[in-house]
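Colleague: with the sequence up front, the predicted model follows.
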Amino acid sequence: MEMPIVNDCAATACAYNRESSCHARAITVGDPGHAHCDTFTDGAPKGGDPMATGRVGACKMSDCRHNDQLECRAPGITVGLRQHMADCMTYEPA
């Protein structure tokens, strides 16, 4: 299975973000009540591989229409900001 790519990330304060692009090898999305980027970490130093584009490794939002057995099946996702939190904007309730 190919992990979905993080197409864009507006969480510029995240240590994995460089120029609105995620460089974490794999992110985790959500908890039982909110579709946030669980991998978000604030501050320096910068992390991740600057040559790699982030992907979705796991999604805990079992009620999302893109979720299949806690794996994201969307072709790609966008991470944006909602109330100052990094959220998966691709999340859609089933």
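Modeller: Received the coordinates, thanks.

Colleague: and the next element down the chain from the strand ranked longest in the chain?
Modeller: The longest strand of the chain (DSSP state E) is strand 76-82. Later in the chain than strand 76-82, the nearest helix or strand by DSSP states H and E is strand 85-88.

Colleague: so what does that following strand touch, helix or strand wise?
Modeller: In terms of contacts (3 or more CB pairs under 8 Å, 6 or more residues apart in numbering; DSSP states H and E), strand 85-88 is packed against strand 34-37, strand 76-82. To be clear about C-beta, it is placed using only N, CA and C from the backbone, and glycine gets the same treatment.

Colleague: and those, which is most packed in?
Modeller: Highest mean neighbour count among the helices and strands packed on strand 85-88 (mean count of other CB atoms under 10 Å): strand 34-37, with a mean of 22.

Colleague: about what we covered before: quick check: which of the helices and strands packed on strand 85-88 is nearest to Glu2?
Modeller: strand 76-82 (10.4 Å; CB to CB).

Colleague: touching the closest one from outside, list them.
Modeller: Contacts to strand 76-82, defined as CB atoms under 8 Å, 6 or more residues apart in numbering, come from residues 4-11, 22, 27, 29, 37, 56, 86-90.

Colleague: quick one: strands adjacent to that strand?
Modeller: Here strand 76-82 is paired, per DSSP bridges, with strand 5-9 (parallel), strand 85-88 (antiparallel).

Colleague: mean confidence score for the shortest one?
Modeller: This means strand 85-88. Taken as a whole, strand 85-88 has a mean pLDDT of 96.

Colleague: okay, buried residues for it please.
Modeller: If you call a residue buried by 16 or more other CB atoms under 10 Å, then strand 85-88 has these buried ones: 86-88.

Colleague: with the first one instead?
Modeller: Residues 6-7, 9 are the ones in strand 5-9 that count as buried (16+ other CB under 10 Å).

Colleague: helix, strand or coil: sort out the closest residue in space to Lys60 that isn't next to it in sequence for me.
Modeller: Sequence neighbours aside, Gly30 is the residue nearest to Lys60 in space, at 4.0 Å (criterion: CB to CB, 6 or more residues apart in numbering). Under the three-state scheme (DSSP: H, G, I helix; E, B strand; the rest coil), Gly30 adopts strand.
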